[in-house]
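model the following, please.
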Amino acid sequence: MTTIHTRPLGSPDTAATAAAIHRNALGAAQKRLWAAAIGTASPDVEAKTQPLPGNEQIDLDSLLELAGKATQPRITAADLHSPDFRGFDVQATPAIAIESTSGALPLDATRLGANARHAPALERAAERTGIPATALAAIVNAEAAKDSSGQWNVYSRNSRSSAAGLGQFLSRTWEGMAETRGTWLNQTAQAKGWLDRSGQVRAGARAELLQLRYNATASIETTADYARNNLKLLERSGVATGSDPSAVARTAYLAHHLGPGDAIKYLKSGLTDERAGLLLRAQIGSPRAQQAIARTGDASAAHRAWLDNYVGSRVRPERYA
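Got it, this is the predicted structure:
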């Protein structure tokens, strides 16, 4: 066992959504064309990224999968429908156990600053799933794009992937969550008739379902469900996920960031030097990665030092208590 130390739903305003997406698309197109022109990136590569101060993060699972070089299959919420997880029901799954200690402090809406309006949604999702509201706030804060005031941008969209919304969910992962029994998104999709008899997303409902990523309530609720699902997958693999809000938040964020498959390896035996090197170069660029590897002696140690530092400094639920 490995332990880490460490308003009711409403559709987004169509005009506002379209305007925001259009502005993001223009900026994204300019960045991608420029990158292609100077040879630093391919304009048709799609990979999930997450915001980093001064850097862009790329989820190499997506990138390598598209390039045909993936070393391990990516585990997503949709995998809960595989034979190994047949019958998995989120509603029947016990909430994550959080120690009733001084560390499990309630969310203080005033500590959210410009994002105080999201406090009710965070608290509802926490009560339903057992993931602390402070942990959810920390995960969303690490995922969502922000404006100059620190306000989370509900229309966040990644220029290199299909990742969107406060939780930066890829299209395929969002659909998987809609098809996972007992999740908030699954119940919503059922109520709206977006699923067929087999529980799969109807082709004609896909666009409307994906647009829901730009709804703050939907994104926060699904972030909570995704965190709980990932934590259960890690626990089944023999990884201790922790019981205090900080450990839960950091473990859940690692699974969100690396994907559950790589997170399990990272926490149990460590990533291979080849895999760690690829991930590190994608995160901080080849020059900095090579310097870090030279300092530590191997890519796995360099990647671990960088990621542990990032998660430890950025994913801090105590800031919201």
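
how much space between Arg213 and Ile220?
11 Å (CB to CB, to the nearest Å). Any C-beta I mention is one placed from the backbone N, CA and C, and that applies to glycine too.

and for Asp308?
In this view, Asp308 and Ile220 are 26 Å apart by CB to CB.

quick one: which of these two has more around it?
Each of Asp308 and Ile220 has its neighbours counted (other CB atoms under 10 Å); Ile220 has more, 29 against 16.

what residues are up against the residue nearest to Asp108 when sequence neighbours are not counted?
With sequence-adjacent residues excluded and distances taken as CB to CB, 6 or more residues apart in numbering, Asp108 is closest to Ala321, at 5.7 Å. Taking CB atoms under 8 Å, 6 or more residues apart in numbering as the criterion, Ala321 is in contact with 105-108, 111, 134, 245.

what about the strands in the stretch 51-200 of the chain?
Listed from the start of the chain, the stretch 51-200 of the chain has strands (DSSP state E, counting those that start in this stretch) covering 51-52, 55-56.

quick one: the nearest residue to Arg213 once chain neighbours are set aside from Glu143, how far?
Counting by CB to CB, 6+ apart, Gly165 is the residue found nearest to Arg213 once chain neighbours are left out, at 3.5 Å. Using CB to CB, Gly165 is found at 9 Å from Glu143.

what is in contact with the two at once?
Taking CB under 8 Å, 6+ apart as the contact criterion, the residues that touch both Gly165 and Glu143 are Ser156.

of these two, which one has the most company?
With other CB under 10 Å as the criterion, Gly165 and Glu143 differ in neighbour count, and Gly165 comes out ahead with 28 against 23.

my read: that one touches Ser156, true?
Yes - with contacts defined as CB atoms under 8 Å, Gly165 counts as touching Ser156 at a distance of 6.2 Å.

so what sits against both of these two?
Taking CB under 8 Å, 6+ apart as the criterion, Gly165 and Ser156 both touch Ala144.

residues contacting the residue nearest to Arg213?
Applying CB under 8 Å, 6+ apart, the residues near Gly165 are 144, 154-156, 213-215, 218-219.

what about 10 Å?
For Gly165, the contacting residues are 140, 143-144, 152-157, 174, 210-216, 218-220, 222-223, taking CB atoms under 10 Å, 6 or more residues apart in numbering as the criterion.

got the contact list for the closest residue to Ala137 other than its chain neighbours?
Counting by CB to CB, 6+ apart, the nearest residue to Ala137 once its immediate chain neighbours are dropped is Tyr320, at 4.4 Å. With contacts taken as CB under 10 Å, 6+ apart, Tyr320 has the following neighbours: 105-113, 115, 119, 122, 132-138, 141, 245, 249.
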